[in-house]
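**Student:** quick one: sequence plus predicted model below, questions after.
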Amino acid sequence: MTLPPELDLNFKAELDRFEAEQEMTYMTSIERIGRAQAIQESIAEVLEARFNQVPPGLIEQVNKIYELDKLKQLLRRASITESISEFGQQLSQENTDT
């Protein structure tokens, strides 16, 4: 079931208010997966915008990562890397470090 956009925003505002009052934040596993997928898509879009062609294997590697901090770091790198091959090397290095 999908809420209309106005109710979605109202719910989000009410949830934010409640969490602030309770001094807690909670993210479900579904929310974490959704955020990860959104960042994965952003990485692919940034690379495609900068370098036109992105090797499918590179995108597959990115799509296997679900750690939000690591994905955020990769998104930053995608925006400043000099070449697609440099990004690929950084991604490979990142994967061997874990």
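**Tutor:** Alright, I've got the coordinates.

**Student:** secondary structure element holding the residue sitting furthest away from the middle of the chain?
**Tutor:** Distance from the centre of the chain peaks at Glu21, with 27.8 Å (Cα atoms, centre = their mean). If you go by DSSP states H and E, Glu21 is part of helix 5-22.

**Student:** and that helix, how far from the chain's centre?
**Tutor:** Its chain's C-alpha centre and that of helix 5-22 lie 22 Å apart, by Cα atoms, centre = their mean, to the nearest Å.

**Student:** quick check: the residue farthest from the centre of the chain vs Glu14, distance?
**Tutor:** 11 Å (Cβ to Cβ, to the nearest Å). Backbone N, C-alpha and C define where each C-beta goes, glycine included.

**Student:** likewise Ser85?
**Tutor:** 47 Å.

**Student:** following the longest helix seen in the chain, which helix or strand comes up?
**Tutor:** Counting by DSSP state H, the longest helix found in the chain is helix 29-51. Remark: after helix 29-51, the chain's next helix or strand is helix 56-63, criterion DSSP H and E.

**Student:** in the helix or strand following that following helix, what counts as buried?
**Tutor:** Counting by DSSP H and E, the next helix or strand C-terminal to helix 56-63 is helix 68-80. Neighbour-count burial for helix 68-80, counted by 16 or more other Cβ atoms under 10 Å, picks out 70-71, 74-75, 77-78.
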